[in-house]
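*Asks:* Got a sequence here, can you model it:
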Amino acid sequence: MIELVVPELPQQELTLDSIDPVRGDAHPAGGGPPPLAGRIFLGGPHGRPLTREFVAADPDLAAYVERELEYHSYYLVYLNVSFAAEPAAPRLATATLDLKLSTTGNTSEPVALSMTPRQITDSVQVQRSVRFGPKLALMDVEATLGEVSKSTTRDEREVFLQALRQLRSDPTWEFRRTKTMDISGAFDLAMVVRTERDAAIGVTCTVTASTKGNLLRWYRQELAGPLQVGTVL
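*Replies:* Coordinates of the predicted model:
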């Protein structure tokens with residue numbers, strides 16, 4: 001197993017524009033709620049190719065990569081996201097990071113082969129590293145699980161963070177406020193991307209959030225990009 005410390009990435013403050021929760025159209029200029037600012041900060045996405053040299057310390061993984069590089073290229077894509085605890089209102093109800101993977105030429109779409117964290121239930125997890133298991137699978141660091149409610153028959157937990165659409169070109173991480181956890185704190189997200197051999201990849205990111213006060217409001221920002229990651233063999 002190989003462990004890589006995820007570096008601190010320079011973060012930018014996001015300003016998400018309000019979108020109509022019914023029609024999905026942007027509010028007209030001068031009307032509707034103001035943008036959502038000062039609440040979400042994003043570092044990355046950043047990427048690097050996964051080469052033979054990178055996995056050389058793990059003989060089994062090195063042998064797997066040696067075989068796979070005949071047909072595919074692999075990349076590690078990672079990002080940091082932080083949610084400010086203040087102001088306390090309106091509270092963030094959801095936050096979603098939608099990534100779109102692309103490549104140039106007449107090649108098949110790249111896919112998110114593995115994602116971490118895959119799921120967090122009622123526990124704030126601060127993860128400063130990613131671990132590569134067999135076949136470049138990312139291994140989640142164990143998190144302490146809290147309890148939402150308890151009865152004499154069972155414990156119930158709510159999903160706070162979930163990775164969605166793995167093995168596709170449009171992977172997503174979705175945060176959702178639970179009864180015991182607000183959307184706040186810092187989180188590291190990472191995925192292994194597989195594409196055809198020698199194909200570079202592009203990564204674009206769209207952040208969507210909702211707040212819940214008297215009304216449910218929706219906001220969105222598409223980051224400038226895409227991030228371009230080239231292959232190095």
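
*Asks:* what helix or strand is the residue nearest to E158 when sequence neighbours are not counted on?
*Replies:* Using C-beta to C-beta, 6 or more residues apart in numbering and skipping residues adjacent in sequence, the residue nearest E158 is T178, 3.9 Å away. Bear in mind the C-beta positions are built from the backbone N, C-alpha and C, glycine included. Using DSSP states H and E, T178 sits within no helix or strand.

*Asks:* Next, count neighbours for T178.
*Replies:* Neighbourhood size, T178 [other C-beta atoms under 10 Å]: 16.

*Asks:* What of K100?
*Replies:* Neighbours around K100, by other C-beta under 10 Å: 17.

*Asks:* Ok, the one 10 residues further on next?
*Replies:* By the measure other C-beta under 10 Å, the count of residues near P110 is 26.

*Asks:* That one reaches T104, doesn't it?
*Replies:* No. Using C-beta atoms under 8 Å, P110 makes no contact with T104, being 10.9 Å away.

*Asks:* rewinding a little: next one: the residue nearest to E158 from S210, what distance?
*Replies:* Separation of T178 from S210 (C-beta to C-beta, to the nearest Å): 14 Å.

*Asks:* again with L9
*Replies:* According to C-beta to C-beta, L9 and S210 sit 25 Å apart.

*Asks:* So between those two, which is more surrounded?
*Replies:* Set L9 next to S210 and count neighbours by other C-beta under 10 Å: S210 wins out with 22 against 16.

*Asks:* For that one, grab phi and psi.
*Replies:* Backbone torsions of S210, given as degrees, to the nearest 10, read phi -130, psi 150.

*Asks:* who's in contact with T94?
*Replies:* Residues counted as contacts of T94 (C-beta atoms under 8 Å, 6 or more residues apart in numbering) are E174, F175, R176, R177, I183, T208, A209, S210.

*Asks:* repeat that with 10 Å
*Replies:* E174, F175, R176, R177, I183, T208, A209, S210, T211, K212, L216, W218 (C-beta atoms under 10 Å, 6 or more residues apart in numbering).

*Asks:* any idea which of these is closest to A89?
*Replies:* T211 (8.5 Å; C-beta to C-beta).

*Asks:* Helices of this structure, start to end?
*Replies:* Ranges of helices in the chain, per DSSP state H, are 59-68.

*Asks:* for it, what helix or strand is lowest in average pLDDT?
*Replies:* strand 149-150 (a mean of 33; mean pLDDT, DSSP states H and E).

*Asks:* For stretch 158-176, list every residue counted as buried.
*Replies:* Neighbour-count burial for stretch 158-176, counted by 16 or more other C-beta atoms under 10 Å, picks out 158, 160-165, 169, 171-176.

*Asks:* For the chain, give me the ranges with low pLDDT.
*Replies:* Within the chain, the segments meeting pLDDT under 70 span 20-32, 105-106, 123-129, 140-156, 225-233.

*Asks:* mind redoing it with 50?
*Replies:* Regions of the chain meeting the criterion pLDDT under 50 cover residues 22-27, 123-126, 142-155, 231-233.
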